[in-house]
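Peer 1: Model the structure of this input:
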Amino acid sequence: MCHHRKIIYQCNHTAIDPSPLKVCEVRRDHESGLTSGSCDVVETHGWSNFKVPRLCSLCHDKKTSLDNRLSRAKSLIADLKKQLTESYDQCVLHMDEAGLESEKKQEPSLVVPEKAATVESDSVDNDPEETMEKIDPVEEFLKKKKQESYAHLMMISDYK
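Peer 2: The predicted structure follows:
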């Protein structure tokens, strides 16, 4: 059993160095011509392992190919966004020239409208669908959690 060096790459793939660190007796006898059989057993040891801070050639090629495809996709998406913005601006300009009312770009808001945050509890004659639209699910969840017996142990902001 000849001792070889094992190379461990960053991707956890391994490779065995073909030249042995320590030659066994069977191989020495074969090289000197005393026996006809060669030693085919490859053995490694933890002390002779060598860690390399890079990817193996196969993983490096895959990563390079993937990075190239991603950069091409990102550039295509950026170009399409630019074209879409330009065509939208042209449509708005044509609508303004024609004297039609055009919708302005609106930023999506994260603020909950005031009417959705409040619920009228004394209005019984309303449609159930209207009532559901007025209920804010987050507020209702927090109200129910605050009413539980162990609510003082929970970390809910604005706990009173």
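Peer 1: quick one: furthest residue from the center of this protein?
Peer 2: Leu34 (60.1 Å; Cα atoms, centre = their mean).
Peer 1: Are we agreed that that residue is in a helix?
Peer 2: No - going by DSSP: H, G, I helix; E, B strand; the rest coil, the assignment for Leu34 is coil, not a helix.
Peer 1: Give me the neighbour count for Leu76.
Peer 2: The number of residues packed near Leu76 is 10, by other Cβ atoms under 10 Å. C-betas here are computed from N, CA, C, even on glycine.
Peer 1: how close does it sit to Lys22?
Peer 2: Leu76 is 55 Å from Lys22, where distance means Cβ to Cβ, to the nearest Å.
Peer 1: Hmm, Val23 is touching Asp29, no?
Peer 2: No - with contact defined as Cβ atoms under 8 Å, Val23 does not reach Asp29; the gap is 10.2 Å.
Peer 1: Not counting sequence-adjacent ones, nearest residue to Cys59?
Peer 2: If the residues on either side of it in the chain are set aside, Cys59 comes closest to Cys11, at 4.3 Å by Cβ to Cβ, 6 or more residues apart in numbering.
Peer 1: what about that neighbour, neighbour count?
Peer 2: The number of residues near Cys11, taken as other Cβ under 10 Å, comes to 15.
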